[in-house]
Structure formats: C-alpha cells, structure tokens
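Asker: Give the three-dimensional model of this entry:
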Amino acid sequence: MSRFSSVMQLVLVVLGCSLLACQQAGANEVFGCGGFIKNANSDLDFSKVEVGLYNPQGSLKIKTDCSPSNGYYFIPLYDKGDYVLKVIPPPGWSFEPEQVPVKFDGATDVCSQGKDVNFIFKGFGITGKVEILGHDVGAKGVQVELRSESNTKIGQTFTDSNGIFSFTPIKSGRYVIKVKHDKWHFVKSEISVTVTTGNTEIAAKSLVVSGFDVEGRVHSDGQPFGNVGFLLYPEKGAEAMLKCSSDNVPAVTGTDPKFSSSPRCYVEANKATGTFTFAGVSSGKYRVVPLFNNKAIKFHIRPEAMEFQVGRDGMRLAESFEVTGFSVSGKVLQAADGPGVRNAKVKLNGKEVATTGSDGKYTLDNIQAGTYTIQVTADDLQFKDHIVKISLSNPALPDVVVSGFKVCGQVISKKSYRVAITKKDSPATVEVSTNPNAAGEWCTFLESGHYTVRVVTSEEEHAAGIQFFPLAQSIHVDRSPQSGIIFSQLRATVSGEVRCLPDAGSACLKDVSVTLTSLDSNGNPTGQALNAELQNGKYSFANVLPGSYEVSVPKGKLCWQSNTVKVNVKTAQETVPTLVQNGYVVSIVSSHAVKMTYQQKDIEGAKSEEMLLTSGMNTFCVSKAGSYEISLSGCHRYGVDVPQSFATSDVAPVSISALSHRHTVKILADEKHTYKTQVTSKSGTEMIEFKSSGQRFEGANVYQHDFFLEQGERITLVPVSDIMLFSPTSLEVVGASDCTEVPTKIVARKGLLINGKTNPPIKDAKITLLFPSNAELSPLVALTNDQGEFRFGPIDSSLKVELSAEKESYVFSTFDKATNTFSGHKLCEIIVTVKDDSGNRLPGVLLSLSGAESYRKNLVTGEDGTIKFHSLSPSEYYLRAMMKEYEFKPNSKLIQVKDGATVNEELQGTRTAFSIFGSITSLNGEPFPKVTVEAVTDEKCSNHLEESTSEANGQYRIRGLHPGCQYRVRVRTDGPSSNVDRSIPKEKVINVEKGDVRDVNMIAISPIAFVDVTIRVLASENDFYKSLKIFLYKKGSDSPVHSQRIESPLNPKSKVNPGIMVFFPRIPFDAKTYHIELTSTLSDKNYKYSLPTVEFTANSSSFFAEMHFRPELRAAEADLNQNSLSAIVLILLVGFIFFKQDLALELLGIVSNKLGGLIGDLVSKSRPKEQRYEPEAFDEKEIEKLASSINAIKKKKVKKAN
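Answerer: The predicted structure is shown next:
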C-alpha cells in the first residue's frame, strides 16, 4: 500500500504539470477570460464571490460564479472590443485589483493568450482618529503605521485635516497601530486592535497628541553657537506636560512671578547648528532663560529671557539669542601633536599680549570676533605668522607649530665657503656661507626632516685637490636645534695586494690593472677614477682625498672571490683587503634549459661537475685552466653537430641548440585497460600503446606516452577502444618551443548502458533521455516494445541524465534506478454531453472544468455536443456550462471522480435570448470593420443594453436580446474609440420575439479628419504679388505649419487683377485655433502698407478667406520738386518727338497758336498767383510710376537738397 501511495502522490504532481501545459492546446477551446480568486493567508468561501464582464460604459455583459474548490472562474468572449473584468464580492471584502481592463483582439491581449487574470483577496478596513490633548479638533499630518503582532510593517498613512486615518484592505487578525511625528509627542503612541469581519473603528481618546517640539536658535556674529543651555519655566499654576526629564535640571530660581519658580526642563544648544529643542511641550504659555555652565569662559547674551505660547503645533521661537564677548586660548608646539614651547612671546597684530607656560599654552582675554595676525618668537626657534578668524562659535585658537629649528656647523678653513643643505626627496637646496672670522661657523633654520649637508667647492678648488671630509653628512632635524656639523681637509695613501692562481700566468699578474673610483654619499661612482699597475702583485694610490672609494679589477676571463672592494678613506694610510682569483670564466649559449656534466680532459681522476644551463647565455667558473668534455641530459634531443667539449682559452662562447622537445600526452582512465591511440603525423600513421605510469590523478589511473616534436610539428591522436568513451575523441598536438606536458588530458570512462521497462508493461510509451546540465546535447527518445522494455547507450557516464516516460491517459513515476523501471498508472475521465430541449446535441457550449491541484480546462462542444476530459486524477471537480442566450440544467455541478473511473454527465440547455445579425458598410458599399453597434431597450425592459463590434467583413452579431422587447439598434458615434461620425439610418427599431433577427444593415460615415484651407490674396497691383509670402501658424506656436511665396500672375502687364488662390496642405480637424499672416519684402521706407492676418478654428471641413494688400507710396517721395518735374517733362517731350516726328510737327503748330493766345492773356493780367506752376495738367499717378526708378537712385541727393 505504501508503494501505491507514493506512486499516486507522484501521479498527482506530474498530472498537474502536464494538464497545465496542455491547457491552451485543445482544438475546441474558446477565447475567454479566466483565472483564480486567491487568498494566500486563510481559507475563503469562494462560492460567495462572482466575476462580471462589463463594457466600458459600465453595463454588465455576463457574470459567473467561482469554483468552490479552488476559486477558478471563466467567462467566454464572443466579440472583440474593450471590456472590464470586475470581482463582485460580498460587502466589506477587498480585492486587488478590483477590476482589470481588457482590450480583446483575439491575439495579443491577456485573455487571447490564455493568461490568468487573478483577483487577490486583501481583507477588511480599519479607521480611527488622532486627537490633541486639550483640544476638540483632530491632529493633521500624523504618520500612522499598521504592524502585525510580530512587528512586521503592513501599511503606513497620514491623518487628514480632521485627524482621521484608515487602512484597507486588512485581513482578519490582531494588529498594532503606531503613531509618529517628527516634532510631536503622544500620551500613548500605539494601540492593539482585532479585526474579525467587516470594518473596525478605533475607540475615541485612544491616540492623543500630548505635546509639541519648540525650537530656538542661538548665534554669535551670524554664526551658530553651542556652548549655552536653556531653562524652561511654565506659566504659574498650569499643568504643563513635557517629555524632558527634570532630574538633571539646574536649580536656578525663576525671577518672573508670572511663571513657575522652578524650571521644568533644561537643554543645550547644538554646536554645529546653534539650535535647541524642548520636546513634548503641551499647549500653554512658557518662559525660556539661557544658562552658561562653563565658568572658565565669560559670555554676554541677549535677550536675557523670552516668553512664548504653544498652540496646536510645534513652533520656532520668533527671536534668536545672540552671544557677544568671550576669551580664547591657544598653544605653541614643537610639532603637530608634540610638546609645548615654554616662554614663547605671543604678539597679536604686532603687540605682545602673552607668554606661553611650561605646556606651551597662552590665553587672550576680552577678545571680540574678528581677524587677527598671531606672531610667536622663541630662542633658537622660528615661527610663521598666522592669520586667524576668531568667532564665538569656536572660542579657541589654532595651534602654532615651530616652522624651523636652528642648525649650526663649522667648515675648518680661514676662507669662507658655501654650505649646501638638501632635504631628502626634495630638489630644493638651501645654501649658507661660513663666517671666516668665526672659525668657519654657519647657522640656519630648518624644519623637521632628513637632510644632506655638504661643502660647495669650485672647479678650480677641486682641481687643486681641495676637498673636505666627509664629502657629505646626513642629519635628522627632530623637534630640536642641531649643531656640531664639522668639515675638514685630508689627503691619504691607499695600498693593497692581488693574489692569483698558480696556473694563471701573465693573464693575472701582468695583464691586470687596479682601478680606484671615487663614490658619492649614495655609493654611486662620481666618474673620477685612478689606475695602478701591479708590482709583484701589489699596488698603491697616493694623495687620495678623504671619502668613499671603490677598488676593482676587470673580470675578463678570470674569476674572483670579489673583483670590487669598497673602502672609506679617513686616515693617512688606508689598506685595501686582498683581491683573490679563484678560477676561469667559461661562457655557453644554450637554446633551452638543460643539465650539463663536464670533466677536465686528460687528467686522471679528474672530478666531474654538473651544471644546469638556462636558456640564453650561461657564464660560470672552473677552478683550473684547460679543456673539458661535456655531456647533456634532459627532455631535449640534439643534432650530430652539437659541441662535445669547451676550453678556458676559447674566445667565443660555446653554442648548444636543441632539435626536438619532449611532449607528454596522458590518458586518465577509471578502468585498468590497454589503451592505444592512432597517431597521424607527416611521416604517416601508426598505432601507439600508452604505458601505465603507476600514478593516479584525481582518482584516475594515468597512462602516458612521450612524443619528441620539433617546434610547429603537428600530430593527431585518436584513442581507440571497444568499451570505453574518450573525451576528447581526438587530440591535435602542435610542437612547442620547449618541453611540455600537453595540458589537455584524454579522459577515458566506461560507457553507460541503460536498460529499463515499464511496470506494468505498456507498449509505445515514449521514453525520453535528457541531459539537464548539457543544453547543447539533444534529448534521446525511445518507444517501449510489447513487453514495455527500452534501451539507451552506451553514453558518457559523467553526464547527468534524466529519464521521463509519457503516454496519453497515463502518468508515470520517476525512473527507479534501483529496479530500472517506470511505474505507470492509467488516469480517469469525465465525458459530458449537452442537449437542447428537443434532445438534439448542442454545439458551441463552453464547458469549464476545475478541480484540485489548480486544474482547469475550458472547452467548447463540437457538432456532437460532447466533450471528453481525459487524464484526470482522482479528485472532486466543478463543472459549469455557459453559452450566451442559453440556460442549463444543472448550471453547475460538483463531480466526485474516483481512481480509474469514467464519469458520464448530461446537461440540458434551454434558449432564453436571441441575436440580431447585420452588416455595416461605408457609403461606397465596402465593409466597415471595428464599428460598435448597440441595441438598447426602454424602461419597460429595464433599459437592457447589448453591443457588438463589426468584423473585418463588416458583419456583426448582437447576442443576448430578451424576447418580447423592442430594441433600438444604432451605431455608437461617441466615445474615445469611436471611428464613426454618423450613420444612415440613425437607428432601427427591432422587435425581438422567439427567434433571431437578420439583415439589420446600416451605413456608417467616417468623421471628418482634415480641414481644407484656401486663401485668395488680392494686391492692388500685379507687380506687388512677387514681394509677398504667406504663413500658416497654429496658435501658441512660433514655428509655421506651412509657408510659401505668392506667385506672380501669368500676365503681370495685364490690367485685369483677379487675385492669387493659395491652397494650403490639409490640417487636422482638431478644433484648434490657427492664424494666417502675409509678409512683404517691399521697403517700408518707400511704401506705407499694413499686413493682414486671418484667424480661424479647425472645426469644419473647409475654410476660405480673402486677404488684401494695398501699399501706398510714401508722401515724402511723391512730392516732386520743380527740377525733377522739369526733367521728366523734358524726357517725355524728347521721346515723343523722336518716335513721332510727323505728329510732333503738327502738334508743334497747334501749341504755337495756343501759346500765342496764352501769352497775350498773361500779359494782360498782373496778379502774382498767375505766375505759379500748376501740376494739374499732368497725370499724378503716371508721373509717380515714371519717376519711381529715378528717385530711388537720387533719393539720398534729394534729402541733402532738402
């Protein structure tokens, strides 16, 4: 029984996963919205909760109850469009979310994709009020926290203007409510509350504000001040409530009789901000008095006291306290954090004001805030001046630290020399001169640190052999003066000996010279060197100045115990340690590291020596002169021309070059076995057997073989075995430049064979072998035979594998590795048949089945009216039938399914509502998709509303219409998603009886989307059009929507002027304001004109307007003077006579006659006015046109004439 129980548990887990995976795969599934009512923390009666589908206007389309077992619901969707899913719970229950908008398109929305829309039960509500002590009003802005009994924060809010707060949703249980405010305090800051069902209201006076924070400020010279405390005295007889403790309040009796004689609170100001706070002060009148506890510093503060009154909120004192007058102190130190300097004189702005004590301290009394210069003097010490700003916020002076200590020395000479002093790690050098009258003494001031002191000599003095000893001295100035730094002159003799081997001959005693090199203070050569020859192995150097030197002999072909010796010349006679030869130099150049054995030739009993040669030049010593034979050993192989000997007399180095190098390949094997590899190289293919090394590596047996390869040479190894698996299956080895172990190991593992079966035997079960840790490997699949057997392998035993079995209506346990079996179990099923009132099979019915382990399945019956729910586990299932316009008996049912059982259920559907079918087309007869069509009744049928959306072919179906009702069918033209302006007809009245109504067709007209804008521009003359440009602007924008130039008429010389039509690009029908402007390039100095504008609203299909442009020539340019007019008349006459000579002669005769009569009249009259020039005889406009070009050129000259 226990075996069967474990199998059944496994069955349920596998079944739940497999059913969820196949939920969306059914061929007869329906689109709809489904999900769960969830409650994570406690049990919930799901049967009390419903879920409804609403249209955007809030009308209920359909609703359904939830499965009592797991809270599952499902609502079918028949028409595409916008919907809202809402949870319909009992009163007082809260869910999140309360509603979910769904834009159903059949493809991309959450319902079309089969995703769950879940509603989470959140709980109930808690309300309460925070009050103020002594006031009837509530406390606004208090932070309220809701916490569980375990102090886990659940929610946070703030009280409103009446002190009210609330929390929702809240589940049943016990909670703690805590109130908090940055500057307010409470009689009781938390309360416990128990929530059962429904809202919970907290009792009055449970949460009360006891007092508020009162803040003040103290400053000095505008800066915060913190060295002062403040006492708080409440009004006499008042019961003040304060949060501060009265235990440490100084006993200072109050002097104002209106207030308490004893202070209730004491606080100190913050040094950084100068602020102070009295916490939890209840409403009332108070007096605050400052108090200084530091008796060592004298201060003066104003005001001496301050009164204030606390209302229903915290407050800041209107006036700040100000401190004036104080004393300051400081210290003079040898170094930062060092000891003090005693008896130092302190000056303030040049006036001596104090002397330091034994600890270096001094005090300045009666100092006002300001900026001062502090100067300090002391014996053998040097100080820098300090400019400091002294303020009341920090009544202390900065430490004055010694900047230099007196350092003295002596250069023993009657002549004055310069002494150079250099600080370590600093390029700067200080020079002082010695005083010849004071035995060459010198002094200076130096800061703490390490210094090098030397005497500076000129090149002439150096050439004359003048040198001071020591060359340089190192001193450390450390918080005290220094003296006794002495330099003097000296010359010495340096001698020594060179000891050679007996067989060295002239190569040592005669050919070796000794060099004496001068060294600087850091031990580096100065470049000055002397050479000496050996006399019977001895040498000497005379007249050597004091200092550091190096004595050396050249290495050459000889070996020395040390070829250099350092000596410090301090006395007149200095002896150098003996330089001893101990061998002869041999040089060998090797291409690789190798062990070399060498032995002197032709010497009986000569001892052999070993040496490890490195790659490159190798230099070593042999103890005796002569020839040596050599032998090489290691991981390299050499050619026949490799040298076999060397001699100490060889001039050039011996060269050794390796030809090939050892490459070790290893096989790591779990099993002891004979391992062979097929090796392919440029010379051919051969089979190589790897030998056991007798070692183990990471638990595996090691087999190896050495290949000697030249650099760049390639071989390929392919391991061969009948029962083993190799990784990698082949290996390419490329010759390296040195011996190496090939890093890639060939791993040999015994192949894995998997033989299994199903219990009981199940034919054609699909067995899948997965490699979960190796995604790059494809799964292997096998089918069981008649006996339920299957086989995999051989496979790599190091791979992690998983086996699974599957077959429809069966569930299988995990693979039992102990028995190599799958345990299989046949599942149960439910078969549902739906019929109508006549007993006919009813297609299109949605059957929703849900049960334990979150199982749910939604299927639609086919033509046979039957649905088979297979592969079910034993459990209780909830079946619900749904189809719009039908009611089912029973509507829902709980079905108990036992193990392996087949349950048959039959449901009967009765039609209770009907549909209207029709089509929506445009004016040209084409289908009009995505149009919302609604059918609505009057009050007689409760204003019932149903709607639908036309498909791509324009067809629509409005479902769920009640029989016996009259519906008004119309196209919806309002709303944000409406794409119709109006319809033809506006609506149709349809009476629904016991049957569907068809061919309710309508024509829909799209709304106006654009506005056509046309402007007619009229200029007073055709020549003016080419100067115009027109702009279209949207109100509030500086950038034009469109602009263009006005074209000239086709015949500018024509006297006909019909105007120019301007057609703008179409603008949106957006009911926005637009305006149109004209601009002109005509000079406003020559012409006077106004530019017209037109404003309109884009709320009609078209807009037309006229814009007039009438420029006038300015008067100052139109008034021609007599000279200009005369010139124009003369030009006209000359032109007329030139082109019309015959006519001119005739006119000349006529004019002569007229002039004769005119002259006679003029002579007979004597009035002056008859002598004036009368321009009326000329056409004014014609004159302006002819003269415009002339005056444009002469304009500046005319102005000067005026």
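
Asker: Test my guess that Ser47 contacts Asp65.
Answerer: Yes: counting by CB atoms under 8 Å, Ser47 sits close enough to Asp65 to count as a contact (6.6 Å). (Glycine included, C-beta is placed from N, CA and C.)

Asker: Please identify which of these two sits among more neighbours.
Answerer: Asp65 (17 against 14; other CB atoms under 10 Å).

Asker: measure that one to Phe104 for me?
Answerer: Computed as CB to CB, to the nearest Å, the Asp65 to Phe104 distance reads 22 Å.

Asker: How about Asp511?
Answerer: Relative to Phe104, and taking CB to CB, Asp511 is found at 109 Å.

Asker: cool, and Lys129?
Answerer: Distance of Lys129 to Phe104, computed by CB to CB: 46 Å.

Asker: what's the answer for Tyr549, then?
Answerer: Tyr549 sits 102 Å away from Phe104 when distances are taken as CB to CB.

Asker: How about Glu268?
Answerer: 70 Å.

Asker: Compare the two (neighbour count), which wins?
Answerer: Each of Glu268 and Phe104 has its neighbours counted (other CB under 10 Å); Phe104 has more, 22 against 14.

Asker: residues touching that one, list them.
Answerer: Applying CB atoms under 8 Å, 6 or more residues apart in numbering to Phe104 gives the contacts 31, 77, 79-83, 111-112.

Asker: Among those, give me the pair with the biggest separation.
Answerer: Using CB to CB, the pair of the contacts of Phe104 lying farthest apart is Phe31 and Asp82, separated by 15.0 Å.

Asker: give the contact list for Leu709.
Answerer: Leu709 touches 660-661, 663, 715, 733-736, counting by CB under 8 Å, 6+ apart.

Asker: Backbone dihedrals for it, please?
Answerer: With angles defined as degrees, to the nearest 10, Leu709 sits at phi -130, psi 140.

Asker: isn't Glu431 right up against Thr422?
Answerer: No: look at Glu431 against Thr422 with CB under 8 Å: they stay out of range, at 9.8 Å.

Asker: Looking at the two, which has the bigger crowd around it?
Answerer: Neighbours were counted for Glu431 and for Thr422 using other CB under 10 Å; Thr422 has more, 17 against 12.

Asker: how near is Thr949 to Phe1064?
Answerer: Here Thr949 is placed at a distance of 36 Å from Phe1064 (CB to CB).

Asker: do the same with Thr434
Answerer: Per CB to CB, Thr434 is found 100 Å from Phe1064.

Asker: Compare the two (neighbour count), which wins?
Answerer: Set Thr434 next to Phe1064 and count neighbours by other CB under 10 Å: Thr434 wins out with 23 against 19.

Asker: got a list of what that one touches?
Answerer: Thr434 neighbours (CB under 8 Å, 6+ apart): 410-411, 413, 416-419, 440-442.

Asker: Any chance of the backbone angles for Lys1034?
Answerer: phi -90, psi 140.

Asker: how many other residues sit next to Ser919?
Answerer: By other CB under 10 Å, the residues close to Ser919 number 18.

Asker: contacting residues around the helix or strand hosting Phe1103?
Answerer: Per DSSP states H and E, Phe1103 falls inside strand 1102-1109. Strand 1102-1109 is contacted by residues 1011-1020, 1024, 1028, 1030, 1059, 1076, 1078, 1080, 1089, 1091-1092, 1094, 1096 when judged by CB under 8 Å, 6+ apart.

Asker: OK, contacts around the spatially closest residue to Asn270 that is not a sequence neighbour?
Answerer: Leaving aside its chain neighbours, Asn270 sits nearest to Gly226 (5.7 Å; criterion: CB to CB, 6 or more residues apart in numbering). By CB under 8 Å, 6+ apart, Gly226 lies in contact with 218, 268-274, 393.

Asker: Tell me which stretches of the stretch 451-600 of the chain form strands.
Answerer: Per DSSP state E, counting those that start in this stretch, the stretch 451-600 of the chain carries strands over the ranges 468-469, 472-477, 482-489, 492-499, 513-519, 525-533, 538-544, 547-552, 558-560, 564-569, 573-575, 579-590, 594-600.

Asker: JSON lines please, covering the ones you listed and showing distance to Thr355, mean neighbour count and mean pLDDT.
Answerer: As requested, these are exported to JSON lines (distance: least, CB to CB, whole Å; neighbours: other CB atoms under 10 Å; pLDDT from 0 to 100):
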{"stretch": "strand 468-469", "distance to Thr355": "42", "mean neighbour count": "22", "mean pLDDT": "76"}
{"stretch": "strand 472-477", "distance to Thr355": "26", "mean neighbour count": "15", "mean pLDDT": "89"}
{"stretch": "strand 482-489", "distance to Thr355": "26", "mean neighbour count": "16", "mean pLDDT": "83"}
{"stretch": "strand 492-499", "distance to Thr355": "54", "mean neighbour count": "18", "mean pLDDT": "89"}
{"stretch": "strand 513-519", "distance to Thr355": "51", "mean neighbour count": "19", "mean pLDDT": "90"}
{"stretch": "strand 525-533", "distance to Thr355": "51", "mean neighbour count": "12", "mean pLDDT": "85"}
{"stretch": "strand 538-544", "distance to Thr355": "55", "mean neighbour count": "17", "mean pLDDT": "86"}
{"stretch": "strand 547-552", "distance to Thr355": "48", "mean neighbour count": "22", "mean pLDDT": "88"}
{"stretch": "strand 558-560", "distance to Thr355": "68", "mean neighbour count": "21", "mean pLDDT": "90"}
{"stretch": "strand 564-569", "distance to Thr355": "49", "mean neighbour count": "16", "mean pLDDT": "88"}
{"stretch": "strand 573-575", "distance to Thr355": "55", "mean neighbour count": "14", "mean pLDDT": "88"}
{"stretch": "strand 579-590", "distance to Thr355": "66", "mean neighbour count": "19", "mean pLDDT": "91"}
{"stretch": "strand 594-600", "distance to Thr355": "82", "mean neighbour count": "17", "mean pLDDT": "93"}
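
Asker: possible to save those strands as a markdown table with distance to Phe124?
Answerer: Shown next, in a markdown table, are the strands of the stretch 451-600 of the chain (distance: least, CB to CB, whole Å):
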| stretch | distance to Phe124 |
| --- | --- |
| strand 468-469 | 101 |
| strand 472-477 | 82 |
| strand 482-489 | 87 |
| strand 492-499 | 107 |
| strand 513-519 | 95 |
| strand 525-533 | 95 |
| strand 538-544 | 107 |
| strand 547-552 | 96 |
| strand 558-560 | 101 |
| strand 564-569 | 96 |
| strand 573-575 | 106 |
| strand 579-590 | 91 |
| strand 594-600 | 90 |
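
Asker: of these, which approaches Gln375 most closely?
Answerer: Closest to Gln375 of the strands of the stretch 451-600 of the chain is strand 472-477 (CB to CB; 22.6 Å).

Asker: what angle separates that closest one from strand 547-552?
Answerer: Angle, strand 472-477 to strand 547-552, by axes from the mean of the first three to the mean of the last three CA atoms, to 10 degrees: 130 degrees.
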